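Undergrad: below: sequence and its predicted model.
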Amino acid sequence: MSAPKHSRAGGNARAQRGNDATGEQLQAVIIAAHGRHYLAEADGEKLQCVTRGKKTNVAVGDQVTLTRTSADQAVIDEISERRTLLYRSDQYKSKLLAANLTQLFIVVATEPGFADDLVSRALVAAEAAGIKAHLILNKTDVVESLEKTRERVQPYAALGYPVYEVSAKAQPEQTLATLKPLLAGQSSILIGQSGMGKSSLINLLVPEADIAVREISAALDTGKHTTTFTRLYQLPELGPDSAIIDSPGFQEFGLYHLSEGMLERAFVEFAPYLGHCKFYNCRHLSEPQCAVLDAIADGKIAKMRHTLYGQLLHESAQTLY
């Protein structure tokens, strides 16, 4: 692992402090992860970390106990109990996204087009994890696509998920005025496909983000692949416990880990009808006298959402891990 470069004086001072304190136990937060390599921050000091053995169950946002092994390196001894954990999964494995989140922002844009499947899956994941979800509609300055995009996000707003319209590049001050109050005192994550403008939003909220990314990339030995890892930025100017996590853009959001019971509860529009089906173990797929299916027939639940529910049930049945 190659560490970030420091001035010789600063590096010597840090090395001396680290050597003097080898074996010291520290409380820290994981601010970046790449493979089995992690970067933790303890009282403003960044330390490259590994786990003991081959465990890879550490997530960005985890509060951890470390043992320092050198000036800028440590071993992760313990992960504190998590308040929340957001992750995605396929048939064979799971991918931790972030821990101890309080809210999730799904970034969509007027261009390029976004995938409803990804948005709905992220909303289901947030509900299942007990994390409040919002949508950010970026690039509102692209007026020719704005009304159509508003129509596409309206069904999510109708479900109770707030939609905030911004234009990170064309109206940066207004964007900051909209988002900062929402982020104060919260641990938030931005999720979205590539091209939605997440990087522009992060650079607006965290002006030193580019420098931080280079430091993190060097510390995690990822070279130029700066978009392949999740990273946390503290937002001290917004108050204590304010942080934002940037995740890599991805096209798929597998939820193979969610059970049938978790899935039906994660679709918020199902709530009024659960427990009102003829059969107590109704799966809401084709059963007679199903309250959920009746609501779909009455136009109270969107067919698109129910189709996704059926797809997720099928995926859940395929899980091998």
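TA: Done, it's in. Numbering: from 1, shown residues only.

Undergrad: from here on, contacts and neighbour counts on C-alpha atoms
TA: OK.

Undergrad: ranges for the strands of the stretch 1-150 of the chain?
TA: Applying DSSP state E, counting those that start in this stretch to the stretch 1-150 of the chain gives strands spanning 25-34, 37-42, 45-51, 63-70, 73-79, 85-89, 94-99, 103-109, 132-138.

Undergrad: which element is the nearest residue to residue 289 once chain neighbours are set aside on?
TA: Setting aside the residues directly before and after it, residue 289 is nearest to residue 278 in space (CA to CA, 6 or more residues apart in numbering), at 5.5 Å. Under DSSP states H and E, no helix or strand contains residue 278.

Undergrad: touching, residue 278 and residue 290? I think so.
TA: Yes - judged on CA atoms under 8 Å, residue 278 makes contact with residue 290 at a distance of 6.3 Å.

Undergrad: so which of those two has more stuff around it?
TA: Set residue 278 next to residue 290 and count neighbours by other CA atoms under 10 Å: residue 290 wins out with 21 against 12.

Undergrad: wait, that one sits on residue 280?
TA: No - with contact defined as CA under 8 Å, residue 290 does not count as touching residue 280 (10.0 Å).

Undergrad: who touches residue 197 in this structure?
TA: 107, 109, 138, 139, 168 (CA atoms under 8 Å, 6 or more residues apart in numbering).

Undergrad: Throw those into a markdown table and include distance to residue 181, thanks.
TA: Output for those, formatted as a markdown table (distance: CA to CA, whole Å):
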| residue | distance to residue 181 |
| --- | --- |
| 107 | 17 |
| 109 | 21 |
| 138 | 17 |
| 139 | 20 |
| 168 | 16 |
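
Undergrad: of all those residues, which comes closest to residue 257?
TA: The nearest member of these to residue 257, counting by CA to CA, is residue 107 at 23.7 Å.

Undergrad: shaky segments in this structure?
TA: Confidence mapping of the chain against pLDDT under 70 gives the ranges 1-21, 211-214, 217, 220-228, 319-321.

Undergrad: what's the closest non-adjacent residue to residue 271?
TA: Nearest non-adjacent residue to residue 271, counting by CA to CA, 6+ apart: residue 265, 6.7 Å away.

Undergrad: CA atoms only for stretch 76-88, dumped as PDB, please.
TA: Only the C-alpha atoms of stretch 76-88 are listed here, as PDB (Å, rounded to 0.1, in the frame of the first residue of the first chain):
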ATOM      1  CA  ILE A  76      -9.500  -3.000  12.900                       C
ATOM      2  CA  ASP A  77     -10.300  -4.900  16.100                       C
ATOM      3  CA  GLU A  78     -14.000  -4.300  16.500                       C
ATOM      4  CA  ILE A  79     -17.000  -2.800  14.700                       C
ATOM      5  CA  SER A  80     -19.400  -1.000  17.000                       C
ATOM      6  CA  GLU A  81     -23.100  -2.000  16.800                       C
ATOM      7  CA  ARG A  82     -24.600  -0.500  13.700                       C
ATOM      8  CA  ARG A  83     -27.700   1.600  13.700                       C
ATOM      9  CA  THR A  84     -28.400   0.900  10.100                       C
ATOM     10  CA  LEU A  85     -26.700  -1.000   7.200                       C
ATOM     11  CA  LEU A  86     -27.400  -0.500   3.500                       C
ATOM     12  CA  TYR A  87     -26.200  -3.100   1.100                       C
ATOM     13  CA  ARG A  88     -27.000  -4.700  -2.200                       C
END
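
Undergrad: where's the residue nearest to residue 271, which helix or strand?
TA: Residue 265 belongs to helix 260-266, assigned by DSSP H and E.

Undergrad: what's stretch 29-47 in contact with?
TA: Contacts for stretch 29-47 (CA under 8 Å, 6+ apart): 26-28, 48-51, 55-56, 59-64, 72-74, 216, 219-220, 222, 228-233.

Undergrad: re earlier: out of the strands of the stretch 1-150 of the chain, deepest packed?
TA: Sort these by mean neighbour count, taking mean count of other CA atoms under 10 Å, and strand 103-109 sits at the top with a mean of 24.
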